[in-house]
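Engineer: Sequence first, then the predicted structure:
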Amino acid sequence: MRKKLLPRSTLLLVLAAAVAVAKVREPIERALILSEHPRSEAPRVYVGGRIATLLRLEKPCDPERTAMLGWEGHFEPVVCAGRWVLLYPLRDLTPDNPFLLRVTLTDGTELPFIVTSHEQSYGNREVDQQVNVFASREDYDAVLSSLYRALQSERELREQVDRYQKEENSIDHAYATLLANGEVKQVPFSRKKTFVLKDGEVDMMVEILSGKGKAAVVVQLSNTNHPAPWRFGEARLTTDSTSRTARPFALRMNRMEIVPGASGALAVVADKSAFESENGMVGLVLEIFRDDGLQQLAVSLDPRLVRE
């Protein structure tokens, strides 16, 4: 009797269901720290039938002196390559039938392991797929610390890239770039106040500008008597000169370092929202710090600047 074929729509539905079931599982990975006590039992490695288990060592192993007792008929031949040892059971094991694995490093160190299974290790459950072997707690902590530092650096770099991408599309940063480069006529700001200051080493001209819903400050710095280059450290916009009340702003400089005899400029643009508080509009203080932590300049910004 001829078999009746499934309709095309039904067949596609069956295939889609099969694909949905076949999810990729995360590999089971754990750290194994060897005990230095001479009477401690050999650490256990849990395997499952037809599932590869990798031991990752801190040092290369010696293939000639790495072996498992009684492996024939139960495992594929043990593979020792570089810092890796590969175990592949042909079938599921039982906890009452363990195998002794002896791994010898190229420096002569012998590492014994008991290869066995959990009570219920079927279906890829409770099976070690990668075991990272460490000789001591100090080695493990060192690797873990390095990993955390790498993850932190990656996170900071990603945040920095995200910030730069946002700044590229920010109108305030675009205004600050033009102001720092002296293109005042290209931005919708008008000068309100100008101050000329001198601290003995650096001459400064400070311009306060007002725009529609925005305020700006442009600082021209000339390194006149300082024997070393002037370097920018930090800028802070607050209501009371503390980080607790810090407000967002856009900042641009045409040079981060000003050598003796040279000049540079920085520009800060603040939106109206930076002046807002629960009690209405408040004044702000812009502080500029050098890289040595000393305050170079402090400017008070009246909230009326952003109302014009």
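Structural biologist: Good, I have the coordinates.
Engineer: what about the helix or strand harbouring residue 203, distance to the chain center?
Structural biologist: Residue 203 is located in strand 202-211, with elements delineated by DSSP states H and E. Offset of strand 202-211 from its chain centre (CA atoms, centre = their mean, to the nearest Å): 37 Å.
Engineer: May I see the buried residues of that strand?
Structural biologist: 202-204, 206-211 (16 or more other CB atoms under 10 Å). C-beta: built from backbone N, CA, C; applies to glycine.
Engineer: Among those, which one sits closest to residue 170?
Structural biologist: residue 211 (14.7 Å; CB to CB).
Engineer: Kindly list the main-chain dihedrals of the closest residue to the closest one other than its chain neighbours?
Structural biologist: Among residues not flanking residue 211 along the chain, residue 189 sits closest, at 4.3 Å (CB to CB, 6 or more residues apart in numbering). Here is the backbone geometry of residue 189 (degrees, to the nearest 10): phi -130, psi 150.
Engineer: Residue 189: what's it in contact with?
Structural biologist: Applying CB atoms under 8 Å, 6 or more residues apart in numbering to residue 189 gives the contacts 175, 179, 209-211, 214, 216.
Engineer: What of residue 158?
Structural biologist: Neighbours of residue 158 in contact, by CB under 8 Å, 6+ apart: none.
Engineer: so it sits in a helix?
Structural biologist: Yes: according to DSSP: H, G, I helix; E, B strand; the rest coil, the state of residue 158 is that of a helix.
Engineer: Now do the helices in the stretch 201-308 of the chain.
Structural biologist: For the stretch 201-308 of the chain, no helices are identified by DSSP state H, counting those that start in this stretch.
Engineer: for it, which spans come out with low pLDDT?
Structural biologist: 308 (pLDDT under 70).
Engineer: any chance of the contacts of residue 189 in CSV, with distance to residue 93 too?
Structural biologist: Output for the contacts of residue 189, formatted as CSV (distance: CB to CB, whole Å):
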residue, distance to residue 93
175, 70
179, 73
209, 78
210, 79
211, 75
214, 72
216, 73
